[in-house]
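Undergrad: sequence plus the predicted model coming up.
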Number of protein chains: 2
Amino acid sequence: MPTSDNSSPPVYREIAEELRSAITSGSLADGDRVPGENELMRRYGVARATARQALSLLIHEGVVVAVRGSGVYVRAFRPLRRHGPRRLSRELWGNGRAIWQADSGQRTFQTDTVEVTEIDAPEHVARALSLAAQERVFKRRRRHLLDERPMQLAASYLPVELATGTVITEPDTGPGGVYARLGELGYGPAHFTEEIRVRMPTPEESEQLHLEPGTPVLDVMRTALTEQRRPVEFTEMTLDGSAYVLQYDFDA
Amino acid sequence: MPTSDNSSPPVYREIAEELRSAITSGSLADGDRVPGENELMRRYGVARATARQALSLLIHEGVVVAVRGSGVYVRAFRPLRRHGPRRLSRELWGNGRAIWQADSGQRTFQTDTVEVTEIDAPEHVARALSLAAQERVFKRRRRHLLDERPMQLAASYLPVELATGTVITEPDTGPGGVYARLGELGYGPAHFTEEIRVRMPTPEESEQLHLEPGTPVLDVMRTALTEQRRPVEFTEMTLDGSAYVLQYDFDA
């Protein structure tokens, strides 16, 4: 049984650490039920408040998930591997495949709530696209789902000059998507820059992405540039942080 | 004043949203004091509990920071741009520069608590280095600080076969670090793979990185491979998520 004195961490943290180790080592697997308050009280001889504190620490860390009226479970983590360079290779979208197909394997992809609007470019978008402040852009908003679970909120911005009167302003952009269409217009992306930040979600994002407590989001911002380094598209993505592994390969 | 009915979000969320917008738009800048409970009560005509809930939501999101006995402040965010491909280019470490120098500009970098041990390779390390299970590896642990603020915990693993009897097993590996030494041994890294995950920190990590509440960490795992694709080093990094922007450039 963990004990506490002045030099060691509080008992609830030691209990949480033991449960965390059991999860890391795999002796408690994804989706397994974690011992509840009663069992922790019995096992460690602690008060209910202490048992509850241990569990709530792990919930807050996003390691376990509380299911109302049922118990606490090891969070089932089956992340999507998002391979930055490979998924955006010309071979894919040049052959009419969706970028998401590179990630998904046999899983089911869907995009919903697609919305295309024409707006004044927000400052950071104008900067990314080398436009004058408030020049007009098309904004393509949508949500991506994997196996019916919402995974990502995204908004792409394209200069009006490039996209007006093309299928890029339609909800369905056809095989290979926006990048294939840009290619046909002579503005095919040749270079990409991605920036990654991490933060806690806003309440609205938690709702739209169905996030469990203790789940951070990844902000990925991508600029697509032509061979001549002209920026032709800027995309902001907000990813469910528990659902992704991002991979990048590069040379020394 | 925000009002609440069945169809709109609770008042504390609307207050939080207004404060968040003020921060996003810049009318409340980094390090500015955020209106306290008393002022929110006055401004919005709400109870103290509601004002407190609004502030605590923003603290939980990591948007603001509570300073005990002083007030609540917009979190000063001055992230370090970590440019994946550029910082690992052979030009840098090949010329005796530390990888961190590529990120830091004029800021002060330090590394502390360097510890080198010889251990059985943990399973995921053996897999990354293509070693048999429990083959021996050198583990180099350390903490990185920027302007005296802890930013990153890191551990690198190198096969014993490559590193034994070299300065790689010393705390100070000399100019250009481990990669320069591997190069001299004929095992210079030519390719890198980085994997990025995000999660909430453990209490120990929060202490070692001095993390504020609502701060996720980034786990970055890097494998360094020679020209012949032999893995020669594996590094696990845990980054203060509020302190970094990761950038990757690549071609279509």
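TA: Cool, got the structure.
Undergrad: mind checking which helix or strand of chain A has the lowest mean pLDDT?
TA: helix A:99-104 (a mean of 66; mean pLDDT, DSSP states H and E).
Undergrad: okay, now the unreliable bits of the stretch 51-200 of chain A?
TA: Of all residues in the stretch 51-200 of chain A, those with pLDDT under 70 make up the ranges A:77-79, A:100-102, A:104-106.
Undergrad: near chain B, which residues of it show up?
TA: A:57, A:60-62, A:79, A:84-85, A:88-90, A:179, A:188-200 (CB under 8 Å from any CB of the partner chain). All C-beta atoms are positioned from the backbone trio N, CA, C, and that covers glycine.
Undergrad: separate out the buried members of these.
TA: Applying 16 or more other CB atoms under 10 Å in any protein chain shown to those, the neighbour count classes A:57, A:61-62, A:84-85, A:88, A:90, A:179, A:188-200 as buried.
Undergrad: which ones among these are found in helices?
TA: Among these, the members falling in helices (DSSP state H) are A:57, A:84, A:85, A:90, A:179.
Undergrad: residue A:94 against residue A:182, yeah?
TA: No: counting by CB atoms under 8 Å, residue A:94 does not reach residue A:182; the two are 11.1 Å apart.
Undergrad: how about the strands in the stretch 1-150 of chain A?
TA: Ranges of strands in the stretch 1-150 of chain A, per DSSP state E, counting those that start in this stretch, are A:33-34, A:64-67, A:71-74, A:80-83, A:109-120, A:136-146, A:149-159.
Undergrad: contacts for the first one, please.
TA: Spelled out, it's strand A:33-34. A:19, A:28, A:55, A:58, A:64, A:71, A:72, A:73, A:74 (CB atoms under 8 Å, 6 or more residues apart in numbering or on different chains).
Undergrad: contact partners for the third one?
TA: Going back to what we said before, that points to residue A:55. A:16, A:34, A:36, A:37, A:40, A:64, A:66, A:72.
Undergrad: go again with 10 Å.
TA: By CB atoms under 10 Å, 6 or more residues apart in numbering or on different chains, residue A:55 lies in contact with A:12, A:15-16, A:19, A:34-37, A:40, A:64, A:66, A:71-72.
Undergrad: also the second one?
TA: By CB under 10 Å, 6+ apart, residue A:28 lies in contact with A:19, A:20, A:21, A:22, A:34, A:35, A:63, A:64, A:73, A:74.
Undergrad: again, only using 7 Å
TA: By CB atoms under 7 Å, 6 or more residues apart in numbering or on different chains, the contact list for residue A:28 reads A:22, A:34, A:74.
Undergrad: where's it relative to residue A:21, distance?
TA: Distance from residue A:28 to residue A:21, counting by CB to CB, to the nearest Å: 9 Å.
Undergrad: next one: the third one
TA: When CB to CB is the yardstick, residue A:55 and residue A:21 sit 15 Å from each other.
Undergrad: tell me the domain ranges of chain A?
TA: A:11-74, A:80-247 (automatic domain parsing).
Undergrad: look up how far chain B lies from the closest residue to residue A:43 other than its chain neighbours.
TA: In space, residue A:43 comes closest to residue A:35 once its chain neighbours are excluded; the distance is 6.7 Å by CB to CB, 6 or more residues apart in numbering or on different chains. Computed with CB to the nearest CB, to the nearest Å, the distance linking residue A:35 and chain B is 19 Å.
Undergrad: what does residue A:117 give?
TA: 20 Å.
Undergrad: repeat for residue A:32
TA: Taken as CB to the nearest CB, the span from residue A:32 to chain B is 18 Å.
Undergrad: can you check residue A:218 too?
TA: In terms of CB to the nearest CB, residue A:218 sits 6 Å off from chain B.
Undergrad: test my guess that that residue contacts residue A:243.
TA: No: Residue A:218 lies out of contact with residue A:243 (CB atoms under 7 Å); the separation is 9.4 Å.
Undergrad: what about residue A:203, neighbour count?
TA: 16 (other CB atoms under 10 Å in any protein chain shown).
Undergrad: and it, what is it in contact with?
TA: residue B:13.
Undergrad: pLDDT score for it?
TA: What the model reports as pLDDT for residue A:203 is 91.
Undergrad: coming back round to it: which of the contacts of residue A:55 sit farthest apart?
TA: Within these, A:12 and A:71 form the most distant pair, 18.3 Å apart (CB to CB).
Undergrad: among these two, which residue is more densely surrounded?
TA: residue A:12 (23 against 15).
Undergrad: ok, now which ones touch the closest residue to chain B within chain A?
TA: At 3.5 Å from chain B, residue A:216 is the closest residue in chain A, using CB to the nearest CB. For residue A:216, the contacting residues are A:198, A:199, A:200, A:241, B:198, B:200, B:216, B:241, by CB under 7 Å, 6+ apart.
Undergrad: which one's more surrounded, residue A:94 and residue A:182?
TA: The residue with more neighbours, out of residue A:94 and residue A:182, is residue A:182; 24 against 14, by other CB under 10 Å.
Undergrad: wait, residue A:151 sits on residue A:238?
TA: No: with contact defined as CB under 7 Å, residue A:151 and residue A:238 do not form a contacting pair (9.9 Å).
Undergrad: verify the stated contact: residue A:117 with residue A:139.
TA: Yes: in this structure, residue A:117 is within contact of residue A:139 by CB under 7 Å, at 5.1 Å.
Undergrad: compare these two (neighbour count), which wins?
TA: Set residue A:117 next to residue A:139 and count neighbours by other CB under 10 Å: residue A:139 wins out with 18 against 11.
Undergrad: how much space between that one and residue A:166?
TA: To residue A:166, residue A:139 is 15 Å away according to CB to CB.
Undergrad: between residue A:151 and residue A:238, which is the more surrounded one?
TA: More crowded of residue A:151 and residue A:238, by other CB under 10 Å: residue A:151, with 25 against 21.
Undergrad: could you check how far the more buried one is from residue B:132?
TA: Residue A:151 sits 37 Å away from residue B:132, going by CB to CB.
Undergrad: for the ones in helices among the buried ones among the residues of the stretch 51-200 of chain A next to chain B, which two are the farthest from each other?
TA: Applying CB to CB across these, the maximum distance is between A:57 and A:90, 47.0 Å.
Undergrad: element containing the residue nearest to residue A:84 when sequence neighbours are not counted?
TA: Ranked by CB to CB, 6+ apart and with sequence neighbours excluded, the top spatial neighbour of residue A:84 is residue A:248, at 4.5 Å. Per DSSP states H and E: residue A:248 is located in strand A:244-251.
Undergrad: show me what counts as buried in that strand.
TA: In strand A:244-251, the ones that count as buried by 16+ other CB under 10 Å are A:244, A:245, A:246, A:247, A:248, A:249, A:250.
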